[in-house]
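A.B. asks: I would like the atomic coordinates for the input below:
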Amino acid sequence: MIIDIHNHADYHGYDAEKMVKNMDDCGIGITCLMAWEAPAHEYDPATKYAISPFSDYPVPFERCLAYKQHAPGRFLLGFAPDPRKPDSIGRLKSAVALFDLSICGELKLRMMYDNPDAVRMYRYCGEVGLPVLMHFDYELKSGSFYPWPNYWYGGGIEALERALELCPDTNFIGHAPGFWAHISNDELYKTEAYPKAPVILGGRLEALLESHSNLYCDISAGSGHNALSRDLDYSRGFLERWQDRVLFGRDYYDGIHRELLESLSLPLAVMEKIYSENARRILRNGGKIPENIS
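C.D. replies: From the prediction side, this is the model:
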């Protein structure tokens, strides 16, 4: 069983039928579909071609729900309302009650993730067993000036650390360039989204994993793949050390993450944890995933 912890509905031209076929082709048993409720002014309009045409939100929750209705046994649901809005926790409670959410995600907003309103929402997530998946990006030069000169999200590793400390009963899942940059003890994150240089030991990511048992890592997208490709010997050790805290995800429709993992000659027990056991343990309804899905 392989569980893809991170993907989206109506993404890059994949409707529900195409996505199920892609999952079958790539050996994915279950995919967690996450909404992305960012206001229109907080994401690059040049990406409109790759996201849902049904809403100003890049990935409306309704579309994730439609996929689950199309193939109930193949999808789990994620939803993260904008915590800056006063109805966010109420909407989250409603989604939990009506649709049996598995995860609070994807949180991808131009805000500091230790915002007091966000912390209140995280604490509710901890109460009901929802892990919170966060996307981090630093301010980098993009060459564009409209509508923003760059697209930063989350406030960086310091905001993550504060959220971890403020919400010890909530599990957090880190994702994206601004998270994975800290696998290395360097400052390349200030100038590069996808640094290629070999990993320097002593990165802040491992320090946070050591000090906060409620932090998990999502290896999806180019960011996770790039981080684990920088230094294969280091990555093998990283995955063995943190085998209980790493989650398989794609955030797209290719097989590059699986190819990378299987090239590292990791023990079978480690692979099983990354592919599915860790997800079963921390997703809110992880225990309801059918055993016979392969």
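A.B. asks: quick one: residue 180 is in a helix?
C.D. replies: Yes. Judged by DSSP: H, G, I helix; E, B strand; the rest coil, residue 180 forms part of a helix.
A.B. asks: which ones are touching the closest residue to it other than its chain neighbours?
C.D. replies: The shortest distance from residue 180 to any non-neighbouring residue, by CB to CB, 6 or more residues apart in numbering, is to residue 227 (3.8 Å). For glycine as for every other residue, the C-beta is placed from the backbone atoms N, C-alpha and C. The contact partners of residue 227, by CB atoms under 8 Å, 6 or more residues apart in numbering, come to 180, 181, 183, 219, 235.
A.B. asks: next one: residue 143
C.D. replies: Residue 143 neighbours (CB under 8 Å, 6+ apart): none.
A.B. asks: ok, now with 10 Å
C.D. replies: Residue 143 makes contacts with 149, 150, as judged by CB atoms under 10 Å, 6 or more residues apart in numbering.
A.B. asks: just residue 88 next, same as before
C.D. replies: 37, 80, 81, 82, 117, 118, 120, 121, 124 are the contacts of residue 88 under CB under 10 Å, 6+ apart.
A.B. asks: Leaving aside the residues adjacent along the chain, what's closest to the last one?
C.D. replies: This points to residue 124. Nearest to residue 124 is residue 89, by CB to CB, 6+ apart, at 5.3 Å.
A.B. asks: Next one: the one you found from residue 141, what distance?
C.D. replies: Distance, residue 89 to residue 141, by CB to CB, to the nearest Å: 36 Å.
A.B. asks: and the helix or strand where residue 224 lies, which residues are buried?
C.D. replies: Assigned by DSSP states H and E, residue 224 falls within helix 221-229. Within helix 221-229, the residues that count as buried by 16 or more other CB atoms under 10 Å are 221, 222, 223, 224, 225, 226, 227, 228.
A.B. asks: Against which helices or strands is whichever helix or strand comes after it packed?
C.D. replies: Scanning forward in sequence from helix 221-229 by DSSP H and E, the next helix or strand is helix 232-241. Contacts defined by 3 or more CB pairs under 10 Å, 6 or more residues apart in numbering; DSSP states H and E place helix 232-241 against helix 204-211, helix 221-229, strand 246-247, helix 256-263, helix 268-272.
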